[in-house]
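Enquirer: Return atomic coordinates for the entry below.
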Amino acid sequence: MDSERKKVVAGTQRLILKVGSRLLAGTDTEDKQQRIGKLIAQVAKLRERFEVVLVSSGAIGAGMVVTGTERRPRDVARLQALAAVGQSRLMSHYEAACQQHGFHCAQLLLSRDDVKERKRHLNVRNCLRALLSDKILPIVNENDTVSVDEIRFGDNDLLAALVATMMRAELTVLLTTIDGFRRRENGELTERLSVIGEITETLRQMAAGTDDQQFSTGGMISKLKAAEITLAAGENLWIADGSDFGVIERIAAGEDIGTLFQSSRRRMSGTKRWLAFFTEAVGKIIIDDGATTAICSRGKSLLPSGMVEIIGDFHKGDTVAVHSGDGQQLALGMTNYDSWELERIKGLRSSQIAEILQQDAYDEAIHRDNMVLSE
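Expert: Next up, the predicted model:
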């Protein structure tokens with residue numbers, strides 16, 4: 001197993017490191033500032049080998065400490081207020097720790113809309129690239145002060161996976177309070193699974209929550225969801241116990257600790273990443289059995305001849321879902337035509353399109369390069 005882990009580490013240029021709230025919370029012997037100091041000391045060593053983006057929870061927890069709040073509130077407005085108080089305290093600790101090691105950090109607060117809307121998505125990605133180029137440590141957190149249910153990531157495990165996918169990071173490391181994914185038998189946790197190559201329904205059923213609502217959200221099921229994203233993108237994710245931040249050195253050395261989710265897939269192109277993880281379909285195309293075989297088994301584009309029904313009002317460049325006749329979603333893709341144009345050319349041969357539309361035309365309704373198959 002060590003050889004596989006060393007191979008993953010050796011192939012990593014860009015690394016996303018996520019640290020949860022509980023790992024940053026003060027203890028009987030260390031306060032939050034001391035914990036952050038130890039974390040950044042390890043991050044400084046990582047930065048000698050990799051480009052590093054840090055995804056850090058902890059704003060609400062920091063706000064609880066500042067305001068003397070003992071239990072995590074359930075009221076959204078109260079949580080947002082604590083995040084607003086705590087974020088500045090959290091970043092002041094980070095900047096002080098970074099300066100001790102000769103570099104600076106920068107804060108990026110994101111909501112789901114920031115990565116779903118194409119222009120904002122590109123702006124975030126370009127900003128992160130510029131910070132890395134300037135040797136500044138980007139620290140990313142969910143924008144809890146403005147995020148509500150419909151634009152939340154849900155937890156920072158998912159945020160870390162999406163940042164990794166956006167940035168084409170070869171490795172994502174989730175530090176938590178457990179030592180990896182363990183097999184569950186008869187309700188009891190047993191052996192640690194060292195390497196996992198695929199997320200199965202059996203694994204999902206074995207996943208047990210590890211959340212502590214006093215300071216954080218998320219559990220093992222959220223880490224499996226994060227792993228699904230990175231594996232699908234053709235990249236890797238590593239879960240390990242971060243109670244001692246020295247574990248970061250052990251991960252960088254490729255030691256057999258925690259659980260490595262290792263992808264065997266070819267790395268996704270940028271367009272397919274965008275379609276698979278960041279967009280939502282605004283329309284639907286129903287296709288026949290021949291077209292289903294062509295796109296699912298033969299890697300072909302979707303031609304108008306295979307289209308049976310067009311559902312929704314959409315425009316060229318929009319993301320649409322492709323469904324089989326029995327209702328199964330087969331793919332997501334960016335359409336080459338408006339919905340009204342597809343309605344006119346559905347079922348026709350490609351050679352007929354230009355004549356029907358009275359304009360130069362694409363042969364494909366959706367080109368294969370702009371399509372990603374659904375699982």
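Enquirer: Please make it C-alpha for all contacts and neighbour counts, starting now.
Expert: Noted.
Enquirer: Could you report the pLDDT at residue 184?
Expert: If you check residue 184, the pLDDT there is 81.
Enquirer: Specify the beta-bridge partners of it.
Expert: residue 189 (DSSP bridges).
Enquirer: Distance-wise, check it relative to residue 42.
Expert: According to CA to CA, to the nearest Å, residue 184 and residue 42 sit 32 Å apart.
Enquirer: show me where pLDDT drops low in the protein?
Expert: Low-confidence segments of the chain (pLDDT under 70): 1, 26-28, 147-154, 208-218.
Enquirer: what's the span of stretch 102-118, first residue to last?
Expert: End-to-end for stretch 102-118, by CA to CA: 35 Å.
Enquirer: Mind listing residues that contact it?
Expert: Residues outside stretch 102-118 that contact it (CA atoms under 8 Å, 6 or more residues apart in numbering) are 91, 94-95, 98, 120-121, 124, 131, 135-144, 146-147, 151-153, 278-279.
Enquirer: Can you flag the buried ones in these?
Expert: 91, 94-95, 98, 121, 124, 131, 136-144, 146-147, 152-153, 278-279 (16 or more other CA atoms under 10 Å).
Enquirer: Take the residues you listed and keep only those in strands.
Expert: In strands, defined here by DSSP state E, the members of the buried ones among the contacts of stretch 102-118 are 137-142.
Enquirer: For the residues you listed, could you give me TSV that also reports distance to residue 103?
Expert: TSV is the format used below for these (distance: CA to CA, whole Å):
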residue	distance to residue 103
137	8
138	11
139	13
140	17
141	20
142	23
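Enquirer: Downstream of the longest helix along the chain, the next helix or strand is which one?
Expert: For the chain, the helix with the greatest residue count under DSSP state H is helix 76-100. Next along the chain after helix 76-100, taking DSSP states H and E as the criterion, comes strand 105-110.
Enquirer: would residue 7 count as being in a helix?
Expert: Yes: checked against DSSP: H, G, I helix; E, B strand; the rest coil, residue 7 lies within a helix.
Enquirer: and it, how far is that from residue 296?
Expert: Applying CA to CA to residue 7 and residue 296 gives a distance of 32 Å.
Enquirer: With neighbour numbers in mind, choose between the two.
Expert: residue 296 (15 against 12; other CA atoms under 10 Å).
Enquirer: Give me the phi and psi for the more buried one.
Expert: Here is the backbone geometry of residue 296 (degrees, to the nearest 10): phi -90, psi -30.
Enquirer: quick one, strands of the stretch 201-350 of the chain?
Expert: Using DSSP state E, counting those that start in this stretch, the strands of the stretch 201-350 of the chain run over 236-241, 259-261, 284-287, 307-311, 319-323, 329-334.
Enquirer: Before I go, just wanted to say thanks for your time.
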